[in-house]
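[1] sequence below, structure please.
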Amino acid sequence: MNAQYKKGVLELCVLSLLIKRDCYGYEIADFLSGHIDIADGTVYPLLRKLKADGLLTTYLQEESGGPPRKYYKLTELGRETYKNDRAEYLKFAQSVKKLLEDESND
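    Have a look, this model is predicted:
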């Protein structure tokens, strides 16, 4: 798949996971790599960027038998951004789908 397609939507995918519940980095990377062919190390720089942009916060949580994990949580700005970006993306995707399915363009 074209890398630019994935790059453009990966941020929205991360926000989509975090709107449902807080997650730790590996959990996000593992889920996304199971659904989208992404390179190792793609998710962590994106998480740092989203945090720097004020869309995410982090906290440490102790796990039984292991070191604390860093969890990512959406901020209010992150929630608003997700809602707006989701609506915009779905509208865009619908327009592209219609264009690609229109046989008269051939």
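
[2] skip the chain neighbours and tell me the closest residue to residue 38.
    The shortest distance from residue 38 to any non-neighbouring residue, by CB to CB, 6 or more residues apart in numbering, is to residue 32 (5.9 Å). Where C-beta positions appear, they are placed from N, C-alpha and C, glycine not excepted.

[3] contacts only, for that neighbour.
    By CB atoms under 8 Å, 6 or more residues apart in numbering, residue 32 lies in contact with 10, 13-14, 17, 38, 43.

[4] for residue 102, phi and psi?
    Phi and psi for residue 102, reported as degrees, to the nearest 10, are phi -70, psi 100.

[5] which stretch of helix or strand covers residue 71?
    strand 66-74 (DSSP states H and E).

[6] in the very next helix or strand once past that strand, which of the residues would be classed as buried?
    Per DSSP H and E, the first helix or strand lying C-terminal to strand 66-74 is helix 76-101. For helix 76-101, burial by neighbour count (16 or more other CB atoms under 10 Å) applies to 78, 81-82.

[7] which strands or helices does helix 76-101 pack on?
    helix 3-20 (3 or more CB pairs under 8 Å, 6 or more residues apart in numbering; DSSP states H and E).

[8] packing partners of the helix it packs on?
    Partner elements for helix 3-20 (3+ CB pairs under 8 Å, 6+ apart): helix 25-35, helix 43-52, strand 66-74, helix 76-101.

[9] okay, those in TSV with mean pLDDT and distance to residue 59 next?
    Output for those, formatted as TSV (pLDDT from 0 to 100; distance: least, CB to CB, whole Å):
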stretch	mean pLDDT	distance to residue 59
helix 25-35	93	13
helix 43-52	96	12
strand 66-74	94	5
helix 76-101	96	14
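
[10] distance to residue 60 added to the ones you listed, as JSON lines?
    Converted to JSON lines, those look like this (distance: least, CB to CB, whole Å):
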{"stretch": "helix 25-35", "distance to residue 60": "12"}
{"stretch": "helix 43-52", "distance to residue 60": "14"}
{"stretch": "strand 66-74", "distance to residue 60": "4"}
{"stretch": "helix 76-101", "distance to residue 60": "19"}
